[in-house]
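Asks: Just the structure for this:
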Amino acid sequence: MPAAFVLQWALEVAAEAGWWGARHHGGVVDPLRDGLSFALHPGWHHPVEVLVRDAGPAPALVEDPLAAARAAYLVAGARLAAGQEGVRLGRHQRLAMVPDVWAMVDARRRAQPPPARDSCCFIYVLPGAHECAGCPRLRRAAR
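Replies: Numbering: from 1, shown residues only. Sure thing, here's the model as predicted:
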């Protein structure tokens with residue numbers, strides 16, 4: 001479960017930055033390639049500012065920035081997820097999480113319900129917790 005949480009968090013930060021940049025600035029920044037940094041609150045240590053580091057020239061303007069940002073994220077996210085060999089998290093789980101996280105961010109930003117996923121965050125293993133919306137375990141149980 002911790003490996004799934006950490007990978008999902010890293011992918012979600014990248015997806016949020018990519019989605020937001022494409023939607024609100026019309027350009028494509030690859031946050032996994034260009035790097036993200038965080039300014040932390042001095043007392044609470046939570047991010048108060050997210051910066052894309054070393055992005056170089058202004059992002060390229062494209063006809064469909066959201067589709068281009070998704071494509072860049074999918075490539076970089078798959079590279080990140082595939083590089084997690086040795087982590088106790090199956091290859092299918094790691095790679096399926098990449099498009100799942102983009103779809104979750106996209107749905108949340110469009111005020112839509114969470115999409116069905118092919119990856120699981122394993123939150124149901126925590127005491128008192130249950131599967132979250134879109135969990136693949138719920139689809140299997142319904143069959």
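Asks: And what about residue 128, helix, strand or coil?
Replies: coil (DSSP: H, G, I helix; E, B strand; the rest coil).
Asks: list the contacts for it?
Replies: Residues near residue 128 by C-beta atoms under 8 Å, 6 or more residues apart in numbering: none. Using the backbone N, CA and C atoms, a C-beta is placed for each residue, glycine as well.
Asks: And it, what's its pLDDT?
Replies: Predicted confidence (pLDDT) for residue 128: 90.
Asks: How about the secondary structure of the closest residue to residue 118 other than its chain neighbours?
Replies: Leaving out its chain neighbours, the residue that sits closest to residue 118 by C-beta to C-beta, 6 or more residues apart in numbering is residue 96, at 4.0 Å. Assigned with three-state DSSP, residue 96 falls in the helix class.
Asks: likewise the one 4 residues further on?
Replies: Three-state secondary structure (criterion: three-state DSSP) places residue 100 in helix.
Asks: Leaving out chain neighbours, which residue sits closest to it?
Replies: Among residues not flanking residue 100 along the chain, residue 117 sits closest, at 4.2 Å (C-beta to C-beta, 6+ apart).
Asks: got any ranges where the chain has weak pLDDT?
Replies: With pLDDT under 70 as the threshold, the chain has low-confidence stretches at 26-41, 44-61, 84-85, 140-143.
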